[in-house]
Every structure is written in structure tokens, then in C-alpha cells.
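J.: Task: produce atomic coordinates for the following.
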Amino acid sequence: MGMDWRLLVALFSSFVAKENAIATLGILYGNGGSAEGLAAGMAALVSPATGLAFLIVTMLFIPCVATVAVMRRETGSWRWTLFGVSLLLAIALAAGIAAYHGGRFLGLGSVPPI
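T.: So this is what the prediction gives:
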């Protein structure tokens, strides 16, 4: 999907809470605490196709810890909870890969060299 380690770390940190992804990106891209700095830093290092894939994967990625706990409590089974989390992970990765390759096909570019 064209994601570097910083985007992957932001995805994994969103497991604690979805809003942590933006805070993690701000820290890893060193934006100085401003949204404009983060946008400029990411625009210089992340292609539009990769940004689209990251957005889609973030929205479909496994839910936060609190949601997983509620899933476990409501289903009464770790098996169904892990099935749900695994299914969401597979859907998110498939959609992200499709978005990245679709974006490249439409000319949104590839990952710029770092």
C-alpha cells in the first residue's frame, strides 16, 4: 500500500483509540504541534494514493480496545470476537490495497523517495 513505518505505527496506535493515529503522525512527522505542519510534512513524503489507502484502512481497521471488550462481552466468546476482529482486519487490508492500486491506476502517483 506504499506505507512507510510511520504510517504503520499510527495504524497500530489507533488500536488504543482511533484518534491516537493523528497524534502519532504528528509526533512521528515532527510537525511542531500544528495541523498545517502535519499536512505539509505528510504531503511532502506521502503520495495521494498512499494517503487514500491510509484513510480507508484507518476507517475500516480493527476497532479500539473498548469496542473489542464490548464485542467479547456481547458475544460471550473469544472465538467470535477474534473472528470479528480478523474479518475487519482482512477487509481493511483488502480495501487499502485496492484503493492504493486504483489510485495509482488513476495517476495519483507512487510513494516519493525518502
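
J.: State the pLDDT value of the residue nearest the centre of the chain.
T.: Per Cα atoms, centre = their mean, the C-alpha nearest to the average position across the chain is that of Thr58, at 3.3 Å. pLDDT recorded at Thr58 is 92.

J.: Show residues contacting the helix or strand harbouring Arg72.
T.: Here Arg72 sits within helix 65-75, counting by DSSP states H and E. With Cβ atoms under 8 Å, 6 or more residues apart in numbering as the test, helix 65-75 has contacts from 15-17, 62-63, 78, 80-81, 84-85. C-betas here are computed from N, CA, C, even on glycine.

J.: could you give the angle of the next helix-or-strand element following it to helix 65-75?
T.: Next in sequence after helix 65-75, counting helices and strands by DSSP H and E, comes helix 78-105. For helix 78-105 against helix 65-75, the angle by axes from the mean of the first three to the mean of the last three Cα atoms, to 10 degrees is 130 degrees.

J.: Which neighbouring elements make contact with helix 78-105?
T.: If you count contacts as 3 or more Cβ pairs under 8 Å, 6 or more residues apart in numbering; DSSP states H and E, helix 78-105 packs onto helix 48-60, helix 65-75.

J.: what's the least confident helix or strand in the chain, going by average pLDDT?
T.: Using mean pLDDT, DSSP states H and E, helix 35-45 stands out as the lowest-scoring helix or strand of the chain, at a mean of 78.
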